[in-house]
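[1] Sequence and computational prediction follow.
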Amino acid sequence: MRIVVSDYAASPQSGGTFSILEDFYNDVLQNDFENEWIFILAGKYFPTSDNVRIVVRKDLKQSKIKKLFFELGAGSNFINQYNPDVFISLQNIATLGIRSKSKIVYLHQSIPFFQDHRFSFFNKAERKIALYQRLVGKVIKYTISKVKPTTIVQTNWMKKAVIQQTQLPASKIVTVSPRVPVINDDHLYNNQQTAFFYPATAFLYKNHQLILDAIRILNHQGIKKFEVSLTLTKKQLPLANQNVKLLGFIPREQVLKMYENHILIFPSYIESYGLPMLEAAQKADLIFAADIEVTHEVLSGYSNVYYFDYRDPDTLAQLMRKAIEGKISSDLQPIHLTYRNESLLQTIMRIMEKKGVK
């Protein structure tokens with residue numbers, strides 16, 4: 001069976017998007033020796049084998065207009081020349097015109113499906129997100145409605161959003177949580193009450209500003225003996241505040257260590273999953289999370305989470321103050337992940353088996 005995978009948008013500089021590709025590619029390389037795999041990528045980022053090869057289309061990564069035309073039909077001739085039995089898009093869009101027995105889309109971009117706020121092109125800070133929400137989002141929804149591929153999402157809230165905002169029936173949507181690393185150690189949160197931590201990039205929807213506003217509220221109330229550590233640089237957050245510690249990028253091992261003596265603040269309001277929450281919960285950490293559907297889903301049944309309004313810094317400041325004053329503490333009951341979710345390759349193989357594609 002010949003399987004063609006499209007993910008030319010991913011590059012080593014694209015963070016989590018590239019991690020999804022890298023994990024999937026390595027899984028294929030190491031575990032599937034029967035099927036023929038062709039990956040359409042922006043570069044030869046990985047080793048190849050007798051049955052796994054890479055076709056480079058760097059030009060599509062460099063031009064958004066070219067990428068748009070490729071996805072809306074021009075790319076079908078290029079892809080169809082490989083006569084795929086299965087076509088898989090790892091970049092959210094269902095390429096039009098593909099002649100294959102089975103079509104699969106891995107939909108991990110949640111911005112287009114966020115409807116609580118309409119981002120503006122006229123606001124410089126919102127411009128890039130507005131592009132994804134209002135333009136790229138329309139392409140994603142249109143192609144999924146048109147092609148009706150089997151679509152893999154990470155959470156039930158995304159499944160509901162896709163059903164509501166496209167014409168895709170529920171039977172075509174598969175919900176599979178990403179594989180979460182199981183933490184097998186006894187180093188739990190030590191109920192440190194004055195140290196807070198938020199591991200996140202500088203995207204606007206990660207909502208660092210809410211934390212800064214909550215800090216100002218606490219300072220105005222005379223509360224100054226606490227520290228908030230952020231994984232940002234001075235260039236990303238050019239401010240001077242005695243309560244803020246800028247760590248820059250830190251490795252995952254250090255992140256896990258931080259959960260042992262820091263309360264996790266998670267104010268992000270657009271998430272496809274939210275891995276830091278499950279990492280912290282395995283350490284029995286106190287978690288202050290934005291009151292949105294995905295955080296409730298991911299942390300269902302966890303006893304040490306407190307929710308706040310991601311639009312209102314007062315609600316976060318109140319929780320931080322209660323922690324600082326010792327009025328909130330962890331019961332030291334971690335969430336136990338006794339299994340690892342199936343890999344993306346396992347999910348795709350299961351879908352193809354169900355469809356009878358051989």
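    Happy to help now that I have it. Note that the coordinates shown come from a computational prediction; the quantities given were computed from them, not determined experimentally.

[2] make it CA atoms for all contacts and neighbour counts henceforth
    OK.

[3] List the buried residues for stretch 223-241?
    For stretch 223-241, burial by neighbour count (16 or more other CA atoms under 10 Å) applies to 226-232.

[4] Next: stretch 133-148.
    133-134, 136-148.

[5] ok, which stretches of this protein are helices?
    Using DSSP state H, the helices of the chain run over 16-31, 58-62, 64-69, 75-80, 127-130, 137-147, 156-165, 208-220, 252-258, 275-281, 293-298, 313-324, 344-355.

[6] Which pLDDT value belongs to residue 308?
    With respect to pLDDT, residue 308 has a value of 98.

[7] That one and residue 194, how far apart?
    18 Å (CA to CA, to the nearest Å).

[8] on that earlier part again, rebuild the helices of the chain as JSON lines, extending it with distance to residue 104 and mean pLDDT.
    Listed next are these as JSON lines, based on distance: least, CA to CA, whole Å; pLDDT from 0 to 100:
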{"stretch": "helix 16-31", "distance to residue 104": "14", "mean pLDDT": "90"}
{"stretch": "helix 58-62", "distance to residue 104": "20", "mean pLDDT": "87"}
{"stretch": "helix 64-69", "distance to residue 104": "19", "mean pLDDT": "88"}
{"stretch": "helix 75-80", "distance to residue 104": "14", "mean pLDDT": "94"}
{"stretch": "helix 127-130", "distance to residue 104": "25", "mean pLDDT": "92"}
{"stretch": "helix 137-147", "distance to residue 104": "10", "mean pLDDT": "95"}
{"stretch": "helix 156-165", "distance to residue 104": "15", "mean pLDDT": "95"}
{"stretch": "helix 208-220", "distance to residue 104": "35", "mean pLDDT": "96"}
{"stretch": "helix 252-258", "distance to residue 104": "31", "mean pLDDT": "91"}
{"stretch": "helix 275-281", "distance to residue 104": "24", "mean pLDDT": "92"}
{"stretch": "helix 293-298", "distance to residue 104": "23", "mean pLDDT": "94"}
{"stretch": "helix 313-324", "distance to residue 104": "40", "mean pLDDT": "97"}
{"stretch": "helix 344-355", "distance to residue 104": "8", "mean pLDDT": "88"}
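
[9] Surely residue 313 touches residue 211?
    Yes: contact between residue 313 and residue 211 holds when scored by CA atoms under 8 Å: they sit 7.0 Å apart.

[10] tell me the centre residue of this structure?
    residue 272 (4.8 Å; CA atoms, centre = their mean).

[11] Relative to residue 194, how far out is it?
    Taking CA to CA, one finds residue 272 at 29 Å from residue 194.

[12] Once you drop chain neighbours, what's closest to residue 226?
    Among residues not flanking residue 226 along the chain, residue 194 sits closest, at 4.6 Å (CA to CA, 6 or more residues apart in numbering).

[13] check contacts around the one you found.
    Residue 194 makes contact with 225-227, 262, 323-324, according to CA atoms under 8 Å, 6 or more residues apart in numbering.

[14] Let's see that with 10 Å instead.
    Under the criterion of CA atoms under 10 Å, 6 or more residues apart in numbering, the contact list for residue 194 reads 224-228, 261-263, 320-321, 323-326.

[15] what about the spatially closest residue to residue 133 that is not a sequence neighbour, distance to residue 322?
    Nearest non-adjacent residue to residue 133, counting by CA to CA, 6+ apart: residue 112, 4.0 Å away. Here the criterion is CA to CA. By it, residue 112 lies 36 Å from residue 322.

[16] neighbour-wise, which of those two wins?
    Counted by other CA atoms under 10 Å, residue 112 and residue 322 do not tie: residue 112 has more neighbours, with 24 against 14.

[17] circling back: max pairwise distance over the contacts of residue 194: which two?
    224 and 261 (18.3 Å; CA to CA).

[18] And for residue 348, the neighbour number?
    Counted with other CA under 10 Å, residue 348 comes out at 19.

[19] quick one: it from residue 310, how far?
    35 Å.

[20] surely residue 226 meets residue 324?
    Yes: between residue 226 and residue 324 there is a contact under CA atoms under 10 Å: 7.4 Å.

[21] Can you pull the residues that touch both of those two?
    193-196.

[22] out of those residues, which are buried?
    If we count by 16+ other CA under 10 Å, these have these buried: 193-196.

[23] Run a quick neighbour tally on residue 197.
    22.

[24] can you check residue 77 too?
    Neighbours around residue 77, by other CA under 10 Å: 13.

[25] where's it relative to residue 163, distance?
    Taken as CA to CA, the span from residue 77 to residue 163 is 30 Å.
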